[in-house]
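Undergrad: With the sequence up front, the predicted model follows.
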Protein chains: 2
Amino acid sequence: MSWGLDNLPYGVFSRRGQAPRVGVRYGDAVLDLAAALHDEVFATGSLNAFMARGRTAWHDTRTLIQNKLSTDQSVTEAHLVPLDQVTLHLPFEVADYVDFYCSIEHASNLGRMFRPDEEPLKPNWRHLPVGYHGRAGTVVVSGTDVARPSGQLGPGRFGPTAKLDIEAELGFVVGSPDGAAFEDRVFGVTLVNDWSARDIQAWEYVPLGPFLGKSFATSISPWITPLEALPRIKGRAQDPAPLPYLSREADWGLDIALEVELNGEIVSRPPYATMYWTPDQMLAHMTVNGATLRTGDLFASGTISGDAADTRGSLIELTWNGTEPLKLGNGEIRTFLEDGDVVTIRATAGAIALGEVSGTITRGA
Amino acid sequence: MSWGLDNLPYGVFSRRGQAPRVGVRYGDAVLDLAAALHDEVFATGSLNAFMARGRTAWHDTRTLIQNKLSTDQSVTEAHLVPLDQVTLHLPFEVADYVDFYCSIEHASNLGRMFRPDEEPLKPNWRHLPVGYHGRAGTVVVSGTDVARPSGQLGPGRFGPTAKLDIEAELGFVVGSPDGAAFEDRVFGVTLVNDWSARDIQAWEYVPLGPFLGKSFATSISPWITPLEALPRIKGRAQDPAPLPYLSREADWGLDIALEVELNGEIVSRPPYATMYWTPDQMLAHMTVNGATLRTGDLFASGTISGDAADTRGSLIELTWNGTEPLKLGNGEIRTFLEDGDVVTIRATAGAIALGEVSGTITRGA
């Protein structure tokens, strides 16, 4: 069962006319934790207060929920609310949002496209997980429409983006700033679609990086899967060996299979297992300069792209910057996104469902 | 009087053993607003709740304070706390932090230094205010020590930065996301020192922009000067004329004179009046793609550098990347900052003092 006792992701839900509160998904229902566990930390509209309690509380609460659900059905059933009776909300208040660039295939593809006469990877790429800060205030929950942004497309040219794209990513949610180990600090994972306007980005990004080409919206899935639920694997081999501060502290590779659906048709199956930099390395890098963490920090992997053409996590790669359009089953073709398009990214880690992050493109203002 | 009735900047203070609350500075004291105005919005440790009330409330409150201070001295004196009896705190919760790059002299200097064979300005620079997101969680109040960050300095090289620098900037604080005019949304200004590790930054920043070279600390002054207190001037002429969305909505040039003090000696006097892009243009650009604002968003101007050599707002410019060391009056020389150095940036707008942002460099971990 994809949403069984070994999964139990956290989210924030509301029933009609009621205030949002924290729950865990179990089957096709959500368990009202404030009611089931008699703990007011769950009677708020975000996971932050619970996450701030730290790793021992995360583990103990998960165990308690598992025990209640498996042994105390009369109690828990009273507090299981069918999913079709609830609205799901942004599950946590995002503190800072950092986006990395950890797929060697993705970074290489973009290099080949835009700098065909150079090495695909910049000199720093194999030495550190390249990353930058994105806009925390425009992180939205799955299901939120995405209005096509307008912006500068070149000197004196302004208009709606003609290259609206997706980026299929995995996001890591910092629960606590304290502790030395990765799992002391990272509470869980979420799916991320880092919507991108490639033409706006191309004109603006030199020399300080992406800004308006990304900041209009970043969608995340409504469920935060606890780290404890995820099967782990070895990370991909790295050459050269990274500096000591980037040495891997444990096996933090994740065998997560994503799929990208465009208007009901699967157009890509990105494999998270192929990522070059692992999340413990991202976290070590992000903090090596003394930068502090806060509950609610979100850091994402960057676009997940595998080696095969049909495993790339962005349209700019899938259509090679629009030169090789996608032919959809209904006869339509796509280079970048059209108004009305619906993009849904789903993922599973073995038997564990991570749910989905979905968004519909609307015509901009 | 620099801190008179026409100034009245807001801050957050605490008396020994008491919780932080909001006040305004008047002379060498701070007026306890919760006590003087009987309004609980000021009995919190940040300005955010008050700022969220919007422009009419900002204006009415300022008028009320001015009236009380000028006519009701018996009441207000009871609530004026001498500055030497208080601790000043970070005055607001920073939502998103954006840093721009609005000085044409600063951008040109960096271009000449690092790309001597090219045009100093990148092709986009005169068409849009280049900007990027910084780390909101490491914005700290003046007086906070700054630990020298370590990081990657090149392939396989790790250590403390050898090029620790300052950036003298002006920051704009978003009070309310609502309203069409600049002054509906921007509550006031603060001084910013955007500490920078130039060696870390140079190695990491391609292609996604600055990250760890900046994210360890950004200092701001403890006082937020209301927009209403600031004399305004015409913005600098622009060529080419910017796109319509960037046309200036009013005179939002600001005649603010900064001074940068290093270990007690003034080493630069950056003139804000020379900035190429005005703050209304920054705000228009930042939101033209549909990106929403939040109370507490901070956007900064980027390094303020004038035309003359002794008006540059960073050491990398003042010492031309270390090739022309500064000779200090005590016989010492500086290229970049040494441990123990104290940097204080002060500013005035005519008779209005903006206060100072100060920090001491400590040896990193």
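TA: Yep, that arrived.
Undergrad: residues contacting the residue nearest in space to the middle of chain A?
TA: The residue lying closest to the centre of chain A (Cα atoms, centre = their mean) is A:Val192, at 2.5 Å. A:Val192 makes contacts with A:Glu167, A:Ala168, A:Glu169, A:Leu170, A:Gly171, A:Thr218, A:Ser219, A:Ile220, A:Ser221, A:Ala300, A:Ser301, A:Val357, as judged by Cβ atoms under 8 Å, 6 or more residues apart in numbering or on different chains. Bear in mind the C-beta positions are built from the backbone N, C-alpha and C, glycine included.
Undergrad: What is the neighbour count of the last one?
TA: When neighbours are defined as other Cβ atoms under 10 Å in any protein chain shown, A:Val357 has 29 of them.
Undergrad: can you check the first one too?
TA: Applying other Cβ under 10 Å, we find 26 other residues in the vicinity of A:Glu167.
Undergrad: Just the C-alphas of the helix or strand where A:Glu169 lies, formatted as PDB.
TA: Here A:Glu169 sits within strand A:168-174, counting by DSSP states H and E. Extracted as PDB, the C-alpha positions of strand A:168-174 are listed here (Å, rounded to 0.1, in the frame of the first residue of the first chain):
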ATOM      1  CA  ALA A 168      11.400  18.400 -11.900                       C
ATOM      2  CA  GLU A 169      13.200  18.400  -8.600                       C
ATOM      3  CA  LEU A 170      13.300  16.900  -5.100                       C
ATOM      4  CA  GLY A 171      13.200  19.300  -2.200                       C
ATOM      5  CA  PHE A 172      14.600  18.900   1.400                       C
ATOM      6  CA  VAL A 173      12.900  20.500   4.300                       C
ATOM      7  CA  VAL A 174      15.000  21.700   7.200                       C
END
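Undergrad: Can you confirm whether that strand lies near chain B?
TA: No. Applying Cβ under 8 Å from any Cβ of the partner chain, one finds strand A:168-174 separated from chain B by no less than 10.0 Å.
Undergrad: just checking, what packs against the very next helix or strand once past that strand?
TA: As assigned by DSSP H and E, the chain's next helix or strand after strand A:168-174 is helix A:182-185. In this structure, helix A:182-185 packs against helix A:279-287, with contacts taken as 3 or more Cβ pairs under 8 Å, 6 or more residues apart in numbering or on different chains; DSSP states H and E.
Undergrad: any residue of the helix it packs on up close to chain B?
TA: Yes. Helix A:279-287 reaches chain B (Cβ under 8 Å from any Cβ) through A:His285, A:Met286.
Undergrad: Kindly provide the whole-number mean pLDDT of that helix.
TA: In this model, helix A:279-287 has a mean pLDDT of 98.
Undergrad: angle of it against strand A:168-174?
TA: 60 degrees (axes from the mean of the first three to the mean of the last three Cα atoms, to 10 degrees).
Undergrad: contacting residues around A:Ile361?
TA: Each residue near A:Ile361 by Cβ under 8 Å, 6+ apart is listed here: A:Asp145, A:Val146, A:Ala147, A:Arg148, A:Leu164, A:Leu337, A:Glu338, A:Asp339, A:Gly340, A:Asp341, A:Val342, A:Val343.
Undergrad: In terms of helices and strands, where is it?
TA: Secondary-structure element containing A:Ile361, defined by DSSP H and E: strand A:352-362.
Undergrad: how much does that strand deviate in direction from strand A:168-174?
TA: Using the same axes, to 10 degrees: strand A:352-362 against strand A:168-174 is 120 degrees.
Undergrad: Sheet partners, orientation included, of strand A:352-362?
TA: Within its sheet, and counting by DSSP bridges, strand A:352-362 is paired with strand A:146-147 (parallel), strand A:342-349 (antiparallel).
Undergrad: Buried residues of stretch A:116-129, list them for me.
TA: Using 16 or more other Cβ atoms under 10 Å in any protein chain shown as the test for burial, stretch A:116-129 gives A:Pro120, A:Leu121, A:Lys122, A:Asn124, A:Trp125, A:Arg126, A:His127, A:Leu128, A:Pro129.
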